[in-house]
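**Q** how would this look folded up:
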Amino acid sequence: MKIVVEICNFNDQKIKQALKGISRQDLLPNRVMIADGGSTTSYIEGIKAFQHSDPEVRKLNVEWISLPGTPLETREKSIDYLDEDITVFLDSDEVPEPDWLKNLTSPIINGIADFTGGPMISKVTGSNYITDYYLEIENRIYGSDVKVDVTYIPLGNTAWKKEILKKLRFDMKLAKSCGEAEDYDLEMRAVDSGYKGKFVPSASVSHYQSFPKTFAGLVSRRYQYLLGASIVMIKNGRLGKRVMEKRQKIDHPFAVLENLLKPIALLHGYFKWRLFNKINR
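**A** Below is the predicted model of the structure:
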């Protein structure tokens, strides 16, 4: 089965290390597609120069496709350019382990699953109140959430049969209503359509993500996440199921505030989704 690794990218210098990580795989992809959301010409020229100068990266079949827009819009447009049997999503700030691609795609190749996902392990330089909270969230996702429901797997380290993406695509209503949670939405719709997902602990990547710098930034980012998750759960009829789930508690002071924000985000999401659908009938 042929494999394409898709990297959704916008002016991110960290993509150099992502490409080096792909080039060191035990199983090399047939193609690496960089779905670019509108990076500057000088940036693209600089990364292409790096591709040609690095002996490891040079062996990859890398294709740049200009698809301007938000990450969700760029990913949706990219589906029209998918030809391989399996599409693997990797974020531009992630570096995979050498056995990552083989482990992530094996369940699909062997007919065990239709889509898979692995851990995104954050790499933090010095811990603080904010990074500690994100690490606690990460521990819950990969320690318990994915065992409860496979739709908790973040999109940035996943592999998909082409037919799923071609059939279901990304819901562009989310881009207009909340701009987030397209990964949960796609996974929920895939499961509801009869496709089987599988979490692969051994298919890990190092995630060099950026964190909020201030407490206000943390509140804003987490509320936006809660709002997007609420809209997706309402849209897919998952709210009752999520409420009944017994999830691992997060041992961090901010978890108390986030629990208080959840019902507010839920009401906000309910009325926002209803209003959006009323306007866009």
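**Q** Can you classify residue 189 by secondary structure?
**A** helix (DSSP: H, G, I helix; E, B strand; the rest coil).
**Q** correct me, but it touches residue 235?
**A** No: contact criterion Cβ atoms under 8 Å: residue 189 and residue 235 do not qualify, at 9.3 Å. (C-beta placed from N, C-alpha, C; glycine too.)
**Q** if I look at the two, which residues touch both of them?
**A** Counting by Cβ atoms under 8 Å, 6 or more residues apart in numbering, the shared contacts of residue 189 and residue 235 are residue 171.
**Q** got the CA coordinates for the helix or strand encompassing residue 139 in PDB?
**A** Here residue 139, judged by DSSP states H and E, is contained in helix 129-140. Provided in PDB are the C-alpha atoms of helix 129-140 (Å, rounded to 0.1, in the frame of the first residue of the first chain):
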ATOM      1  CA  TYR A 129       2.300  26.600  35.700                       C
ATOM      2  CA  ILE A 130       1.100  26.600  32.100                       C
ATOM      3  CA  THR A 131       3.300  23.900  30.600                       C
ATOM      4  CA  ASP A 132       2.600  21.600  33.600                       C
ATOM      5  CA  TYR A 133      -1.100  21.900  32.900                       C
ATOM      6  CA  TYR A 134      -0.700  20.900  29.300                       C
ATOM      7  CA  LEU A 135       1.500  18.000  30.300                       C
ATOM      8  CA  GLU A 136      -1.200  16.800  32.700                       C
ATOM      9  CA  ILE A 137      -3.800  17.000  29.900                       C
ATOM     10  CA  GLU A 138      -1.500  15.000  27.600                       C
ATOM     11  CA  ASN A 139      -1.100  12.400  30.300                       C
ATOM     12  CA  ARG A 140      -4.800  12.000  30.600                       C
END
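**Q** Number of residues surrounding the residue nearest to residue 254 when sequence neighbours are not counted?
**A** Distances taken as Cβ to Cβ, 6 or more residues apart in numbering put residue 133 closest to residue 254, at 4.9 Å, once the chain neighbours are dropped. Residues within reach of residue 133, counting by other Cβ atoms under 10 Å, total 20.
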